[in-house]
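Trainee: Based on what follows, work out the 3D shape:
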Amino acid sequence: MIDLSSIQTIGIAGAGTMGTGIAQVCLQAGYKVVLFDLNPNMLTKAKQSIEKGLNLLVEKGKMSSESSQKALHQLLFTSDIQAVKAELIIEAIVEKIEVKHAFFNQMAEINGPTCILASNTSSIPITQIAALIPHPERVLGIHFFNPAPVMKLVEIIAGVATNPSIAMQCKTLIEAMGKTCVMAKDAPGFIVNRVARHFYVESLKALEEQVATFEDMDALLESSGFKMGPFKLMDLIGVDTNFSVTSSMYHLFHQDSKFRPSRIQQQKVDAGHHGRKTGKGFYSYE
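Mentor: Next up, the predicted model:
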């Protein structure tokens with residue numbers, strides 16, 4: 001059984017939207033955080049985003065100025081993988097299993113067998129990720145949703161080799177951060193992305209068939225009670241990220257046509273129109 005009090009530092013890999021958001025959540029909970037990314041520019045953007053996020057909490061009276069400053073002092077930005085030393089590592093890097101294997105194997109060498117290794121993957125089975133990692137019993141999925149500081153839901157996924165007590169302890173730890181955790185089976189897309197996939201896929205099919213414009217579909221679904229239509233949500237998540245998850249699930253379900261990635265979405269990715277983060281997706285943010 002893991003002693004949660006032994007977790008003092010949490011390492012986050014990937015300073016994109018998800019990694020930055022998860023780092024902020026951990027800081028707000030009082031943990032030391034090491035945020036790693038090979039691209040120094042991403043770390044600069046992450047620093048600005050976290051400072052903005054914490055300042056907003058101070059302005060709303062949800063966090064004291066002293067607590068905000070203390071949190072920032074507990075945050076280390078680094079492009080040196082040797083500096084990623086922590087009791088819990090959460091990766092939010094590219095959705096390619098070979099990249100995740102390489103990263104976690106480096107973490108295993110740097111941090112030893114007691115370090116918990118968690119993936120924020122949206123769709124890759126945890127069992128596949130853990131298969132080539134030393135001590136696979138400490139590998140699990142901790143899947144946050146965007147934007148991580150706001151969204152309450154977190155999926156906890158145990159692979160075939162994951163020690164159930166480690167999964168339950170991580171559930172307790174994340175819940176102490178103010179999140180609502182659900183235990184998900186290690187199936188493609190887990191719970192949320194499996195259920196939500198057709199919110200995107202069917203909307204994109206309707207767009208391909210010129211049933212309606214993407215603006216009209218967003219307006220229709222928002223008027224039906226959804227906070228955001230599928231195209232606005234894809235722009236928020238990242239069109240490239242959404243496309244990657246759909247492609248992954250398509251292959252994991254052995255090319256089942258109901259998960260077929262969209263040609264329109266592929267074209268957006270090829271053009272670099274990845275949504276809000278690039279200033280243009282289905283909508284323009286420039």
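Trainee: Tell me where the stretch 101-250 of the chain has strands.
Mentor: 116-119, 139-144, 153-158, 180-184 (DSSP state E, counting those that start in this stretch).
Trainee: need the helices for this structure, in chain order.
Mentor: Counting by DSSP state H, the chain has helices at residues 17-28, 40-59, 65-73, 97-111, 126-130, 164-175, 192-208, 214-223, 230-237, 239-252, 263-271.
Trainee: Out of these, indicate the one that is most buried.
Mentor: Mean neighbours per residue, mean count of other CB atoms under 10 Å, is largest over the helices of the chain for helix 17-28, with a mean of 25. Any C-beta I mention is one placed from the backbone N, CA and C, and that applies to glycine too.
Trainee: Now do the phi/psi pair for M228.
Mentor: phi -140, psi 140 (degrees, to the nearest 10).
Trainee: Domains in the chain, by residue range?
Mentor: Structural domains annotated on the chain: 4-184, 192-278, as defined by automatic domain parsing.
Trainee: nearest to S284, of those?
Mentor: Nearest to S284 among those is domain 192-278 (9.2 Å), distances taken as CB to CB.
Trainee: before we move on, the earlier item: any idea which of the helices of the chain gets closest to G11?
Mentor: Between G11 and the helices of the chain, the shortest gap by CB to CB is with helix 97-111, which sits at 7.6 Å.
Trainee: mean confidence for the closest one?
Mentor: Helix 97-111 comes out with an average pLDDT of 97.
Trainee: need the strands of the stretch 101-250 of the chain in JSON lines with distance to P164 and mean neighbour count, can you?
Mentor: Formatted as JSON lines, those follow (distance: least, CB to CB, whole Å; neighbours: other CB atoms under 10 Å):
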{"stretch": "strand 116-119", "distance to P164": "14", "mean neighbour count": "26"}
{"stretch": "strand 139-144", "distance to P164": "10", "mean neighbour count": "26"}
{"stretch": "strand 153-158", "distance to P164": "6", "mean neighbour count": "22"}
{"stretch": "strand 180-184", "distance to P164": "10", "mean neighbour count": "16"}
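Trainee: G281 is nearest to which of those strands?
Mentor: Nearest to G281, of the strands of the stretch 101-250 of the chain and by CB to CB, is strand 139-144 at 21.2 Å.
Trainee: Name the residues that touch the closest one?
Mentor: Here strand 139-144 makes contact (CB atoms under 8 Å, 6 or more residues apart in numbering) with 18, 21-22, 25, 90, 104, 116-122, 126, 129-130, 133, 151, 154-159, 161-162, 166-167, 170, 174, 179, 184, 186, 190, 192.
Trainee: leaving aside the residues next to it on the chain, what's closest to A118?
Mentor: I142 (4.2 Å; CB to CB, 6 or more residues apart in numbering).
Trainee: quick one: the one you found from S123, how far?
Mentor: 15 Å (CB to CB, to the nearest Å).
Trainee: ditto for A184
Mentor: Distance from A184 to S123, by CB to CB: 12 Å.
Trainee: what touches both of those two?
Mentor: F190.
Trainee: residue contacts, K100?
Mentor: Residues in contact with K100 (CB under 8 Å, 6+ apart) are E91, I93, S119, T121, I124, I129.
Trainee: meant to ask about M217, not that
Mentor: S203, A206, L207, G229, P230, F231.
Trainee: Kindly present these as JSON lines, with separate columns for distance to S257.
Mentor: Formatted as JSON lines, the contacts of M217 follow (distance: CB to CB, whole Å):
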{"residue": "S203", "distance to S257": "16"}
{"residue": "A206", "distance to S257": "16"}
{"residue": "L207", "distance to S257": "17"}
{"residue": "G229", "distance to S257": "24"}
{"residue": "P230", "distance to S257": "19"}
{"residue": "F231", "distance to S257": "22"}
